[in-house]
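S.K.: Need the 3D shape of this:
(2 chains)
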Amino acid sequence: MIIAEQKPLDEMARMLAPYSRVLIVGCGTCMTVCGAGGEREVSYLHHALRVARARAGGEPRIFLEHTLKRQCDLEFLDLLKDRVAEVDAVLSLGCGVGVQAIAEHFPDLPVLPGVNTSFVGMADEWGVWDERCAACGDCRLADTGGICPITRCTKGMLNGPCAGTKNGKCEASPEMDCGWVLIYRRLETLNQLEKMRRYYPPRNFRTIPRPRRITSRAGGPGETDGPQPA
Amino acid sequence: MRQMAHSLLEEKLNSGEFVVTAEVGPPKGADASELVHLIDLLKTRVDAINVTDNQSSVMRFPSLGGCLLVKERGGEPILQVTCRDRNRLALQADLLLAYSRGITNVLCLTGDSVDVGDHKEAKPVFDLDSVQLLRLVGTLESGQDLSGNPLRGAPRFFAGATVHPEADFIEPQLIKFEKKVAAGARFFQTQGIFDLASLRRFMQYASQFDVYVLAGIIVLTSVRMARFMNDNVPGITVPGAIIEELTSAGKGKGRDKGIEIAARFVRAIREERLCHGVHIMAVGNEKAVPDILEAAELEVLRH
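M.R.: Next up, the predicted model:
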């Protein structure tokens, strides 16, 4: 799922400065699970912003709250129609996709991001989230024992570890496991070390031209249909 | 059978001579006078001079610029190329420029993480890794670029790579070593060697491959430097015995002791003919290189 962190309160207060009526929109999927922007966080943030405003001596601001099941789904965005009519800005606690979905859906309305979208990952333990997938569009987990070298190796290398690894940790941070040591151990367990001995050519970054589009209509399922060069 | 040599360094290694290379770090700034001075000091005393490429991810005058200076001063340069700061277009372009100016020794490296350097907010490139870069060198030599387009004028290089015989987990490093050999690495400059037993073990294995190995010698001139390397330099572990030896030297004697230790390794490696030569990394103390060679009784004027 998508992992995000809420922005600092003062940054949000600065963004909201020009607006007096604000709708805070939470998201019921990833942002709820990672605790950055679900119904509970919307409610907390509402109160925190109100108190911050009062302390700063500003005019009281009117806040509305609403949490959608999914901000990234047009089907649910229609539910915001009436509420949006009552405000002059939206503060979205959705991921970057959610913020942009609302902005696209309501072209006349300023939409502000309340979280920093971080990565695709999972919980290691409660409150600790780890990146697991770089969404590179060219999955090679079959060759690497189910451990992603693009994500787990700080340099995203395909042909084995660099010489910077020490005590199984990465040169970039002694708290971070060396992805290639993990891959080696796993392939050894699976009796598949020959996969590591193979040469892997440079990555094809054309599989991820931005923005990406996947269409299951014209070109058949799964065809990546990025923007074509002029 | 060996091909015709593509550089002076290759020629010397082919001849079976015990080869000495040394590395210099370019300046942080546009004033290269000190670098030129070092080049002049080293060019007749070592067989080739490596010029580092934003070593430890610290921004400096470029390796290519330093190698051009080595050529100008009549020395034999080894271009260090990392994949950290350049994508495949820039890597190929730099290699073409290097060859056109007579720089034919290339050490192919992945490069340190941006996180260990002085521009931690930079975008790390790593479009290729060291194995892919070695193959890229071969592709250019075949007269094509990486997309298969024909080149007007193909370069010819003597390509090298690094290996870490003292890595604390050696198996994955050896897999990488073999991939580098298969990718076209002809010579290896090792990470710093602090234990001859591990070098012997490594050479017993590596001598099965048709490559030259130059043992890396890091010159430690103080206990502080040794500890700094242990904490900050990727992959390096200076053993306690060496740190104790440096400590026993006492205040102000660190440099002499460091030279003595480095010379001892150089001499032992040459006397045992453990490998094909040595690569001296006197980070920040390059002026000590002639003293090390003298102490190791390797001081011969070359060229």
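S.K.: Can you pull the residues of chain A lying near chain B?
M.R.: Residues of chain A lying close to chain B by Cβ under 8 Å from any Cβ of the partner chain are A:154-168, A:170-173, A:180-181, A:184, A:193, A:196-197, A:199, A:201-203, A:205. For glycine as for every other residue, the C-beta is placed from the backbone atoms N, C-alpha and C.
S.K.: which among these end up buried?
M.R.: A:154-166, A:170-172, A:180-181, A:184, A:193, A:196, A:202-203 (16 or more other Cβ atoms under 10 Å in any protein chain shown).
S.K.: Looking at chain B, which residue is nearest chain A?
M.R.: B:Pro234 (3.1 Å; Cβ to the nearest Cβ).
S.K.: Was I right to think that residue contacts A:Lys169?
M.R.: No. B:Pro234 is not in contact with A:Lys169 according to Cβ atoms under 8 Å; the separation is 10.6 Å.
S.K.: Tell me which of the two has more neighbours.
M.R.: Comparing B:Pro234 with A:Lys169 by neighbour count (other Cβ atoms under 10 Å in any protein chain shown), the higher total belongs to B:Pro234, at 21 against 15.
S.K.: For that one, which non-adjacent residue is spatially closest?
M.R.: Closest residue in space to B:Pro234, ignoring its immediate chain neighbours: A:Gly164 at 3.1 Å, by Cβ to Cβ, 6 or more residues apart in numbering or on different chains.
S.K.: doesn't B:Ser113 make contact with that neighbour?
M.R.: Yes. Proximity of A:Gly164 to B:Ser113 meets the contact threshold set by Cβ under 8 Å, at 6.7 Å.
S.K.: hey, what's in contact with both of those two?
M.R.: A:170-171, B:234 (Cβ atoms under 8 Å, 6 or more residues apart in numbering or on different chains).
S.K.: Closest to B:Cys275 out of those residues?
M.R.: B:Pro234 (22.6 Å; Cβ to Cβ).
S.K.: Wait, a helix at the closest one?
M.R.: No. Judged by DSSP: H, G, I helix; E, B strand; the rest coil, B:Pro234 forms no part of a helix; its state is coil.
S.K.: Now for it: which residues touch it?
M.R.: B:Pro234 neighbours (Cβ under 8 Å, 6+ apart): A:162-164, A:166, A:171, B:56, B:112-113, B:116.
S.K.: now B:Pro172
M.R.: Contacts of B:Pro172 (Cβ under 8 Å, 6+ apart): A:160-161, A:180-181, A:184, A:196.
S.K.: can you give me the helices in chain B?
M.R.: Ranges of helices within chain B are B:8-15, B:33-42, B:63-72, B:88-100, B:130-141, B:170-182, B:196-206, B:223-232, B:240-248, B:254-272, B:289-295, based on DSSP state H.
S.K.: same check, this time on chain A
M.R.: Using DSSP H, the helices of chain A run over A:9-16, A:30-33, A:39-55, A:74-77, A:81-84, A:96-105, A:149-152, A:179-189, A:194-197.
S.K.: Tell me which of those helices sits nearest to B:Val125.
M.R.: It's helix A:149-152; of the helices of chain A, that one is closest to B:Val125 (Cβ to Cβ) at 14.0 Å.
S.K.: For that closest one, which helices and strands make contact with it?
M.R.: strand A:128-133, helix A:179-189 (3 or more Cβ pairs under 8 Å, 6 or more residues apart in numbering or on different chains; DSSP states H and E).
S.K.: Give the rounded mean pLDDT of the last one.
M.R.: So that's helix A:179-189. Helix A:179-189 carries an average pLDDT of 98.
S.K.: Mind putting the helices of chain B into TSV with distance to A:Ser118 and mean pLDDT?
M.R.: TSV is the format used below for the helices of chain B (distance: least, Cβ to Cβ, whole Å; pLDDT from 0 to 100):
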stretch	distance to A:Ser118	mean pLDDT
helix B:8-15	47	97
helix B:33-42	42	97
helix B:63-72	35	98
helix B:88-100	28	98
helix B:130-141	29	98
helix B:170-182	29	98
helix B:196-206	41	96
helix B:223-232	27	90
helix B:240-248	40	92
helix B:254-272	45	95
helix B:289-295	47	95
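S.K.: Just name the most buried of these.
M.R.: helix B:130-141 (a mean of 23; mean count of other Cβ atoms under 10 Å in any protein chain shown).
S.K.: Contacts for that one, please.
M.R.: Contacts of helix B:130-141 (Cβ under 8 Å, 6+ apart): A:158-160, A:162, A:199, A:201-202, B:81, B:83, B:88, B:91-92, B:95-96, B:106, B:108-110, B:128, B:145-146, B:151, B:154-157, B:159, B:161-162, B:176, B:179-180, B:183-185.
S.K.: and the angle from it to helix B:170-182?
M.R.: Helix B:130-141 and helix B:170-182 meet at an angle of 0 degrees, taking axes from the mean of the first three to the mean of the last three Cα atoms, to 10 degrees as the criterion.
S.K.: Give me the distance between A:Cys178 and B:Thr104.
M.R.: 34 Å (Cβ to Cβ, to the nearest Å).
S.K.: er, B:Phe228 actually
M.R.: Per Cβ to Cβ, B:Phe228 is found 34 Å from B:Thr104.
S.K.: what about the closest residue to B:Val219 other than its chain neighbours, how many neighbours?
M.R.: Distances taken as Cβ to Cβ, 6+ apart put B:Ala282 closest to B:Val219, at 3.9 Å, once the chain neighbours are dropped. The number of residues packed near B:Ala282 is 25, by other Cβ under 10 Å.
S.K.: One more: A:Ser216?
M.R.: A:Ser216: 9 neighbours (other Cβ under 10 Å).
S.K.: Could you do B:Asp210 as well?
M.R.: Neighbourhood size, B:Asp210 [other Cβ under 10 Å]: 8.
S.K.: from the contacts of B:Pro234, which ones fall inside strands?
M.R.: Judged by DSSP state E, those include no members of strands.
S.K.: Which of the residues you listed sits closest to A:Thr67?
M.R.: Nearest to A:Thr67 among the contacts of B:Pro234, with distances taken as Cβ to Cβ, is B:Ser113, at 39.6 Å.
S.K.: For that closest one, list the residues it contacts.
M.R.: Counting by Cβ under 8 Å, 6+ apart, B:Ser113 makes contact with A:154-155, A:164, A:170-172, B:57, B:84, B:124, B:234.
S.K.: one step back: let me know which of the helices of chain A is the nearest to B:Ser100.
M.R.: It is, among the helices of chain A and with distance given as Cβ to Cβ, helix A:149-152, at 34.7 Å.
S.K.: Quick check: A:Lys195 vs B:Arg73, distance?
M.R.: For A:Lys195, the distance to B:Arg73 - Cβ to Cβ - is 47 Å.
S.K.: One more: B:Leu128?
M.R.: Applying Cβ to Cβ to B:Leu128 and B:Arg73 gives a distance of 31 Å.
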